[in-house]
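In: need coordinates for the below:
(one chain, ligands or ions: 2)
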Amino acid sequence: MTREEKALMVLRSCYGYDSFRGQQWDIINHTLDGGDSIVLMPTGGGKSLCYQIPGLMSDQGFAIVISPLLALMNDQIDALQQNGVPALALNSEKSETENRQTVNLLMMGKVKLLYISPEKLLSEIDRWSSAITERICLIAVDEAHCISQWGHDFRPEYTQLGSLKQRFPDVPVMALTATADRITRDDIAKQLHIPDARLFISSFDRPNISLNVVQGSTGRVKFRQIVQFINLHRGESGIIYCLRRKDTEKMADELTRLGIKAEPFHAAMSVKEKMRIQRDFINDDLKVVCATIAFGMGIDKSNVRYVIHSNMPRNIESYYQEIGRAGRDGLPADALLFYNYGDMVTLQHFAQQSGQVQINMDKLRQMQQFAESGVCRRRILLNYFNERFDHDCHNCDVCDNPPERFDGSRLAQMALSAIKRTGEQAAMYTVTDILRGSNKSELIEKGYDKLKTFGVGHDLGYAEWNAYLLQMLQLGLFEVAYDENNHLKVTEFGNEVLYGHRTIELNRYERRDIKKKAPRQADQAAIHDLTFSTSPSKQMDKALFEKLRDVRKAIATASHIAPYMVFSDKSLQAMATEKPTTQAEFGILYGVGKMKCQRYWIPFTTAIRDHLSSLNG
Ligand code: ADP
Ligand code: ZN
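Out: Ligands and ions are numbered 1, 2, ... in the order given. Alright, predicted model coming up:
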């Protein structure tokens, strides 16, 4: 048997997968040859297999996996044990006795994967006998960007990991991260003393995540759109990111009142409360979390089906990291971003107050360009991360619905004239109100209802004007005086347009009703690609899927693990499509390894048989 055949056998029997993805095999093969590597892959790309398989393929040896997040470590071990893999952790949370047992098992060669925190490893390794150290077949450093001061998540305890290569020059080192920039990458190689490490860079594209932006919606309109969207995703897990703590509370409260159970999550909550919410979310007991950015770091949940940004994030890095939490199982997932002027003002303010005004303003501007874009959004994202991506993705709102360009000079003249007539003493939303001829008392008090431009734009809606004004701001027709109550000031360029010396083009605003997209061809193909034997004519039985989800939940609750660890959504879909009724049929499905087949074929095939007979009877 060749090495690759052996690896594929392990992949099938432990994980129930039939082939490696992307560069996985190259990385594993290079490691088995003894080479060091730096692996850059996006979240959900499949990093874990790269270090797990070499550990599993080793006869008596084990792989060390260094990871900073205890919660994540425990989840990974639970998931591996479900697959019958001897994986254990050494960390400060475990009792002395437990840790001693682990060390004994290591000595006997009974462990394949050892998860450990950096500080624990460094304090422990000196005490290990050669019976243990000789068995180390790989040192994997997960979240390797933590070693770099340039990265966004520096952890001092990582810096000492450099000594490992010197101590064990013959053991391959694999550094893995989802942070791609060159400085961090070079720093990882330097700090870990692996100058000759081969670099494996995967595409950062996450093609299964549909990218959508809604411009201009605020307040109740925005809330209604969020509710509509969640209703289309009933029963599915999702995260709603909000800018401030109070927004998370309000959002959760209002959703709950409408019968959509949601909870807030923010930095000011107690550790215990935060842990509870994370657990409930992971266990599918809580479907919707309204969170500030703090949520999601230590979560490996594969079936988050959507991420909503109720407010615009500060930069593209954060945005991409946050939406990356959706669809880790590779099934279609949605990202929905709301973008309005109020957020821009708040974010500009944050950026101005930050230590690094220039950088943060630039990053915000790029985020805004993404939100305003008239070209494929995935192109913008991937190009931002220096990846060449030169075609349209067909899975973003711009590709689905290319904006129509039109001569917006007349609209701009109305807006600019209104701004001028207030003596440049009005902020954006007031200008919208003037254009629409609103009867708000503030307008009348200020005499704005007497302006010549009052109500000239009444045939356009509020959100519509907001969206156009944002585009005009972006084009540089006027500026916002942040130090002057955000009053709008017409620029030189604005004057040229106002007096008819220049014309401008705008993207036609379209009122977006939030509707469910028909599954794309590609998604259909992905769904049908789940087993050896799926014939493309087979359809997933949605009612059966729901029943299988209940079976999964019952098993998870009884064995105190998260439902996604029993089976991923993708595996349930395979079951609901193939409808296996025997152990043999069950055992070849996506994600059904040997161990899980033995453990679970009876409850799942029983549910399938019951379902089929209820259809026939
Ligand atoms: P990362 O650590 O890069 O965020 P994971 O290792 O958690 O990603 O992998 C993401 C998901 O993809 C997991 O559910 C994993 O089981 C699945 N996966 C990884 N490799 C494969 C493969 N070769 N075939 C099928 N599924 C895979
Ligand atoms: Zn696109």
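
In: helix or strand: which one has Glu322?
Out: Assigned by DSSP states H and E, Glu322 falls within helix 316-323.

In: starting at the chain centroid, how far to that helix?
Out: Taking the mean of its C-alpha atoms, helix 316-323 sits 7 Å from the chain's own mean (CA atoms, centre = their mean, to the nearest Å).

In: do the same with stretch 458-471
Out: Computed by CA atoms, centre = their mean, the chain-centroid distance of stretch 458-471 equals 31 Å.

In: now stretch 344-357
Out: 24 Å.

In: now it: buried residues?
Out: Residues 344, 347-348, 351 are the ones in stretch 344-357 that count as buried (16 or more other CB atoms under 10 Å). Quick note: C-beta positions are derived from backbone N, CA and C, even for glycine.

In: can you redo those residues as CSV with secondary structure and pLDDT?
Out: Output for these, formatted as CSV (DSSP: H, G, I helix; E, B strand; the rest coil; pLDDT from 0 to 100):
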residue, secondary structure, pLDDT
Met344, helix, 88
Leu347, helix, 91
Gln348, helix, 89
Ala351, helix, 88
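
In: give me the helices and strands touching the host helix or strand of Ala89, please.
Out: Secondary structure assignment for Ala89, by DSSP H and E: strand 87-90. Judged by 3 or more CB pairs under 8 Å, 6 or more residues apart in numbering; DSSP states H and E, the packing partners of strand 87-90 are helix 70-82, helix 96-107, strand 113-116, helix 118-124.

In: tell me the buried residues in the longest one?
Out: Buried positions in helix 70-82, judged by neighbour count with 16+ other CB under 10 Å: 70-77, 79-80, 82.

In: kindly reformat the residues you listed as JSON lines containing distance to ligand 2 and pLDDT.
Out: Formatted as JSON lines, those follow (distance: CB to the ion, whole Å; pLDDT from 0 to 100):
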{"residue": "Leu70", "distance to ligand 2": "38", "pLDDT": "77"}
{"residue": "Ala71", "distance to ligand 2": "35", "pLDDT": "74"}
{"residue": "Leu72", "distance to ligand 2": "31", "pLDDT": "79"}
{"residue": "Met73", "distance to ligand 2": "36", "pLDDT": "86"}
{"residue": "Asn74", "distance to ligand 2": "38", "pLDDT": "84"}
{"residue": "Asp75", "distance to ligand 2": "33", "pLDDT": "85"}
{"residue": "Gln76", "distance to ligand 2": "33", "pLDDT": "89"}
{"residue": "Ile77", "distance to ligand 2": "38", "pLDDT": "92"}
{"residue": "Ala79", "distance to ligand 2": "33", "pLDDT": "91"}
{"residue": "Leu80", "distance to ligand 2": "36", "pLDDT": "94"}
{"residue": "Gln82", "distance to ligand 2": "37", "pLDDT": "92"}
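
In: what residue in this structure is the furthest from its centre?
Out: The centre of the chain is farthest from one residue, Lys450, which by CA atoms, centre = their mean lies 49.7 Å away.

In: so how far is Asp459 from that one?
Out: According to CB to CB, to the nearest Å, Lys450 stands 21 Å off from Asp459.

In: repeat for Leu106
Out: Counting by CB to CB, the gap from Leu106 to Asp459 is 74 Å.

In: so for the two, which sits in the more crowded spot?
Out: Per other CB atoms under 10 Å, whichever of Leu106 and Asp459 has more neighbours is Leu106, with 22 against 8.

In: tell me the contacts of the more buried one?
Out: Neighbouring residues of Leu106 by CB atoms under 8 Å, 6 or more residues apart in numbering: 62, 114, 128, 132, 135.

In: please identify which pair of these lies farthest apart.
Out: Taking CB to CB, the two most distant members of the contacts of Leu106 are Phe62 and Trp128; they sit 11.6 Å apart.

In: what parts of the stretch 1-150 of the chain come near ligand 1?
Out: Within the stretch 1-150 of the chain, the positions near ligand 1 by CB under 6 Å from any ligand atom are 17, 20-21, 24, 41, 43-49.

In: at 8 Å instead, please
Out: 11, 15, 17-21, 24, 41-50, 142 (CB under 8 Å from any ligand atom).

In: just the ones of those in helices?
Out: Using DSSP state H, the members of those that fall in helices are 24, 47-50.

In: let me have those residues in TSV, adding neighbour count and pLDDT as columns.
Out: Listed next are those as TSV, based on neighbours: other CB atoms under 10 Å; pLDDT from 0 to 100:
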residue	neighbour count	pLDDT
Gln24	24	97
Lys47	23	93
Ser48	20	94
Leu49	22	96
Cys50	26	98
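
In: now the stretch 401-550 of the chain against ligand 2: closest residue?
Out: Pro402 (9.4 Å; CB to the ion).

In: now that residue: closest residue in space that isn't a chain neighbour?
Out: Leaving aside its sequence neighbours, Pro402 sits nearest to Gly374 (CB to CB, 6 or more residues apart in numbering; 7.8 Å).

In: wait, a strand at the one you found?
Out: No: remark: Gly374 does not belong to a strand; assigned using DSSP: H, G, I helix; E, B strand; the rest coil, it is coil.

In: burial measure for Gly34, as a count.
Out: Gly34, neighbours per other CB under 10 Å, totals 11.

In: tell me the contacts of the residue nearest to it when sequence neighbours are not counted?
Out: Of all residues not flanking Gly34 in the chain, Pro172 sits nearest, at 5.4 Å (CB to CB, 6+ apart). Pro172 makes contacts with 31, 34-37, 54, 137-139, as judged by CB under 8 Å, 6+ apart.

In: quick one, what contacts the closest residue to Glu387 other than its chain neighbours?
Out: Spatial nearest neighbour of Glu387, excluding adjacent residues (CB to CB, 6+ apart): Phe204 at 5.7 Å. With contacts defined as CB under 8 Å, 6+ apart, the neighbours of Phe204 are 42, 180, 320, 382, 385, 387.

In: let's see it at 6 Å
Out: Neighbouring residues of Phe204 by CB atoms under 6 Å, 6 or more residues apart in numbering: 42, 385, 387.

In: for the second one, give me the pLDDT.
Out: Looking back up the chat, that one is Phe385. Per-residue pLDDT puts Phe385 at 81.

In: distance of it from ligand 1?
Out: Here Phe385 is placed at a distance of 16 Å from ligand 1 (CB to the nearest ligand atom, to the nearest Å).

In: alright, that wraps it up for me.
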